[in-house]
Structure formats: C-alpha cells, structure tokens
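>>> based on what follows, work out the 3D shape:
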Amino acid sequence: MHLLAKGWGLGKGTAFEFLFARLLCRSQGRVQWVPIVIPLEERPTPAETNWKRKVLYSALRVSPAPPVIRFGPFEVDTRSGELRRQGSRINLQEQPFQALVLLLERPGEVVTREELSRKLWPENTFVDFERGLNKAINKLRAALCDDAEKPSFVETLPHHGYRFIAPVESSRQTRDSVRPKHLPAIDSIAILPLDNLSGDFAQEYFSDGMTEELICAVARIDSLRVISRTSVMSYKGAQKSLPAIAKELNVDAIVEGSVARSGEKVRITAQLIYAAEDRHLWAGRYERELRDILQLQAEIAADIAGQIHKLVDPHHHSSAPTRKVHPQAYEACLKGIFFRDKLTPTDLTKCISCFAQAIELDPDYAQAYANLSRAYFYMGIFGMGPASELFPKAKACAVRALELDESVPCAHNALAVIHILYEWDWPAAEAECLRALQLSPNDSMTHLHLADYMSIQNRHEEAIAQFQRVLELDPISPVYIAFFGMILYRARRFGAAIEQCRKALEIAPHYPNALWFMSLAQEQLGRPQEAIASLEKAVSLSQGSYFQALLGRAYGLAGDKAKAEGILEGLQALSLQRYVSPFDIAVVYAGLGDLPSAFQWFERAYEERVFRTIELTLPMFDRLRPDPRWRDLVRRIGLLQ
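All right, here's what the predicted structure looks like:
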C-alpha cells in the first residue's frame, strides 16, 4: 500500500489537501478526488486528536466517481477531465466540470448549494459564492444544451440546491444502480398501447391518444426505428407475450405502460423491456398537470433515449420551448384524433368539431390546426364534399399551424398532400415531404406521402425503396400493405401488386381498398372476371361511389353494357342527393367506350380540382393515351412525361 499524502491539515486549503491536489494535477492534468490509502503503520494513533482520525476515515469511506459516466448522448471521463458528446470533446471549465462530477456521483439526489460551494472553492477562499456558483451552473447547462425552465439534466431546487435528473450509467456499478453492466444494442422499438387505469372506458380515447403522442415523441430519437401507431394498436388487449409481439414487429425492445387521469392531473408509468430475453431494463413514473403534458412526453422520450444511448436530435425539435396547453383543448384534440382515425364519414364529421373546439379554447394550439387540416383532406379524399371546398380549408389550417410552430410534422404532411392531390404543385410537394421527413424520420405516413409522390412522378424504383421503409415502421398494417400494392401496380409489377393485396386481405379480409387495388392488377393480367369479383365484394363492403364507378367500368370493358349503364344511372341519381365526383361518372363512360362523354366529365373533374384526375396516368387508362385530349389534360396537370 502507498501513502498518497502525508501531513495534517484542518480542511480545504491545508497542506494535506494541496499536496494531494498537486500530485493528481501532475499525473492526470486535473484535480481528482480518490480514496486515501493509508498503510497500517501510518494510521493515526489513539494519541492523535479526533479531527485527524475523522479526516482520514471519512476520506476512506467516500467512493470515488467512476472513471467514465454516461448520460444521454454525453460521456464524462473523470480521469482525463473531459466531457464528450458522441465522442467529440466539449470545452468545459474546471469549476462547472467539478460541479457536474459531484451531481453525477449522486444522481437523483439533491446536492445543496453549500456542498457545491465546498467542492468548488477552498474554505479560505474569498469569493461571492452565490454568484460564482450560479455562473458555474449556467456554464454547465450551456455545455449540455440544457434549459433551466424545462431541464433534461440539471434540475434547480430554488434556494436549496440542484439535482441530476437524467438516467446515469457508469463504467462500474454504483451503489444504487440496478442496471445491467452490458446494455444490449437496441435499434428498434415498439410502444404498446398504454393501459387505461382511469376506471372509465369512456377515457379510452385519452389513453389511445397518449399512446400516439408518446410514439411521436419517441420517434424523434435519431437512428432508432419506432413502430407506428397503426401496427401497435392492433395489440391493444392482446394476450401475447412481449417476445412474441417483438418478433412479429421485428423490434429489439418494447415499451409498455399505463396512463391514469384524475381531474387535471395525469400519471404515466412506462417500462423498457429487452424483448429477446424478456429482460426489464428501466422503469419510470411520471405525474404532471395536464397543461404540462407536452413537456412530460418530451421527458419520457429523453429518458428512453438515455437508456438506449440514442440521441434525440435537436434539429428535430421546435426552436421554441415546450409550451403549456389548455387542458380542455388538449383533451378535445385527443378526442378528435380518436374519431379521425376511425376513417368513417360520421366520425370524420365528429373529429372536425373536436379540433374546432380545441382551437376555440386555445387559438395558438398549432397541433390542433394541423390535425384539423388532416381531417379536411381526408374528407376530400373520401369525396365527402367538393375538393374546391375541402382542400382550401385543409391548406388554411396547415398554414396557420406552421405560422404558430414550423416544426409540426403533421402540418408539413398536410401541405404535401394538398400540393399532390389538389394544387398539383410538384416541386412544393417534394419539399414539404422532405421537411416532414426531416422532422419526423420514424413516421410511416411521412414516408408514404414521399413514396406516393415519387410513384406519381414515375420514379418507381425510388418509390418502392421508400415504401419498404413504410413497411418497416408499420409491418402489420393492412392499409399500408395494400397501398404498397398500388405502388407496385403503378410500376406495372402486377403480379407483385396482387400478392401484396392478398397479404393485406389475410390481415383484414373486409378491407375494400385492397380489393380495389387487386382488381386493377387482375384486369391488367387479362383476368376480367376476377377483377369484377373483387370489385363486387368491395362494393358490398363500402357504398363509396368510386367503387361503384370502377365496377361499372369493369362491366363495360367486359361487354356487360346493361349492368354498366345501370350503375351509371344510379350514380347520376345519387348525385342529386349528395356529392358525387365527376371523375366517377367519367370512369364509367370510359368503360362503356363513350369517350366524348368521358372526356367531358374528366374536364369537369379537372376544373373542380378533383384529386383523382391524377389517376389518368394509371395503367387502367392506357387505352386513352393515344387521344390528344388525354395528353392535353395530363399536360395541364403537370404529369406528361
């Protein structure tokens, strides 16, 4: 054993401690406190005064800071005195660094201002401790890109001290740690539907909405694949083991938890499970006022990121601090999302009212405007009204959302859809797709819009590659699996398109869009009766006028003129009761071979900006390509190649 320092002193600034400091400065370049090792023959004797014994034995009992401490994207090397972020050194002065080390030695505990002052300055130092400590903590926060008002790392307890609140992992086990020494590599994750512990089934919209919001927050973790809501919601109430779910979703880890709401308070519990071993890695419990829910979601996402050593990319965050929300406005928005995702005409009408209520309660609520925009363009897609009314409303809401907060991905997605389906502004569409992707790299809908744009632009190989990412993020969604069939159909891979649609129908046998896309591919392969059978089933499942129009066209192409004309008359009669797209009428006329009437109605569809007008470039209209009227229409849309 070796004596590191000889001599006695009364505390900070004595010969004892200065000799110790000089030794470490020479060997490692920075003052560093480690256990004092005293050989038996040099331990204090009973004749020594009590203070000498206390100095040495208190030093012997203090454990040193571990050599390397990690939290979030940061790493502290206590031997070299360096703070690093993802391997890059960050300049940090001596006193802020020592403050950080002391806080990291006691994560989750309050370190008083007096303790920090004693750590940073010798006892006989004459300095304005309050001002100096504030300055050191401010420099530390600047180095960590931390916010005093909404901290991710260093929390202030006014007039008392500070606490390090982020998860910490050291190169050795600390006395209070229960984390495994070797954290498994986690590159993909699924957040299962949060259990509703409110005791009220009517609150399901709240737990489902919180699940979606939490997925969106975690999806901003850089380099992590996060399964989208569409796939994970199918496991709500499922009696399956976590490893089995992880295998089906092809993920490394699962987050499961619960949400309970009591008045204006919300409590969320979450735990991270390494699926391959069904091993618990971390658990957290959070309770906040409902108005602070956005901060709570960001905090949970940051904690998960810290546990798996991923970086929450600051470029994906709003430049503005996380705002408080009006509790009732937030609740109305969650209700709107709940109804919107049912995708029925009745529920879409309900969701419009919910989002409008949220905006009335909180006029600066950007997310509510973005969701309202999305609801309006869904109504336009489903033909619930004239495109010339619904898409401009959708655009106005999206623009307002971005005026309030440019970093809302949903609003950029909405603008991308409007540029594609209504304005036919192709450069702007691509720009919005790419901005949405930058803000939300794990959102399957964002990747879908970009793939759709590429497919419409005849960039088929790029579109197929982009859609593979959609299916990685939403591997069991029949909606996305079937839409991949449409992407393949546009690329004239008809056999592969049929295969995808059949996969979707295995999951959801009554999904009409899968039958629609499959019928188009069957027609191209010269199987008209199969196409008709698929469309007849689609019409039986959905009374949408477009399915009826497609069936009328199929009858016309097969030579069954009477059935085709019967459907045409039915659509014209229906148009006297509710909106029927002129494109639907044109489709039936095209199947009957009445091209003058078909192009007359196509022209009307163009004038009304009916979004399906862009479908004129699909293989189903190959017979029209030699016609100069077809070329003129497609040129005006901007799709003529």
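>>> number of nearby residues for residue 634?
Applying other Cβ atoms under 10 Å, we find 19 residues neighbouring residue 634. (Each C-beta comes from the backbone N, C-alpha and C, glycine too.)
>>> report pLDDT for it.
On the pLDDT scale, residue 634 is placed at 95.
>>> surely it and residue 617 touch.
Yes: contact criterion Cβ atoms under 8 Å: residue 634 and residue 617 qualify, at 6.2 Å.
>>> gap between the residue nearest to residue 345 when sequence neighbours are not counted and residue 346?
Among residues not flanking residue 345 along the chain, residue 384 sits closest, at 5.7 Å (Cβ to Cβ, 6 or more residues apart in numbering). Distance of residue 384 to residue 346, computed by Cβ to Cβ, to the nearest Å: 10 Å.
>>> and the two? which has more neighbours close in?
Counted by other Cβ under 10 Å, residue 384 and residue 346 do not tie: residue 384 has more neighbours, with 16 against 9.
>>> residue 579 is in contact with the more buried one, correct?
Yes: Residue 384 sits in contact with residue 579 when judged by Cβ under 8 Å, with a separation of 7.1 Å.
>>> can you pull the contacts of residue 434?
Counting by Cβ atoms under 8 Å, 6 or more residues apart in numbering, residue 434 touches residue 450.
>>> what pLDDT does it get?
93.
>>> begin at 11, not 1, for the rest of this chat.
Yes, from this point I'll number from 11; that puts the last item at residue 444.
>>> you'd agree it is in a strand?
No: the assignment for residue 444, made by DSSP: H, G, I helix; E, B strand; the rest coil, is helix rather than a strand.
>>> and the residue lying closest to residue 117 once chain neighbours are set aside, what is it in contact with?
Excluding its sequence neighbours, the residue lying closest to residue 117 (Cβ to Cβ, 6+ apart) is residue 178, at 4.2 Å. By Cβ under 8 Å, 6+ apart, residue 178 lies in contact with 79-81, 114, 117, 184.
>>> which helix or which strand is home to residue 553?
Using DSSP states H and E, residue 553 sits within no helix or strand.
>>> and the residue nearest to residue 117, its phi and psi?
Per-residue torsions, residue 178: phi -130, psi 140 (degrees, to the nearest 10).
>>> for residue 103, see how far away it is.
Using Cβ to Cβ, we find residue 178 at a distance of 22 Å from residue 103.
>>> next: residue 90.
Relative to residue 103, and taking Cβ to Cβ, residue 90 is found at 15 Å.
>>> try residue 352
Residue 352 is 57 Å from residue 103, by Cβ to Cβ.
>>> for stretch 101-119, buried residues please.
The neighbour-count check on stretch 101-119 (16 or more other Cβ atoms under 10 Å) flags 102, 105-115, 117 as buried.
>>> okay, those in JSON lines with secondary structure and distance to residue 94 next?
As requested, those are exported to JSON lines (DSSP: H, G, I helix; E, B strand; the rest coil; distance: Cβ to Cβ, whole Å):
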{"residue": "102", "secondary structure": "coil", "distance to residue 94": "10"}
{"residue": "105", "secondary structure": "helix", "distance to residue 94": "19"}
{"residue": "106", "secondary structure": "helix", "distance to residue 94": "15"}
{"residue": "107", "secondary structure": "helix", "distance to residue 94": "12"}
{"residue": "108", "secondary structure": "helix", "distance to residue 94": "17"}
{"residue": "109", "secondary structure": "helix", "distance to residue 94": "17"}
{"residue": "110", "secondary structure": "helix", "distance to residue 94": "12"}
{"residue": "111", "secondary structure": "helix", "distance to residue 94": "14"}
{"residue": "112", "secondary structure": "helix", "distance to residue 94": "19"}
{"residue": "113", "secondary structure": "helix", "distance to residue 94": "17"}
{"residue": "114", "secondary structure": "helix", "distance to residue 94": "14"}
{"residue": "115", "secondary structure": "helix", "distance to residue 94": "18"}
{"residue": "117", "secondary structure": "coil", "distance to residue 94": "18"}
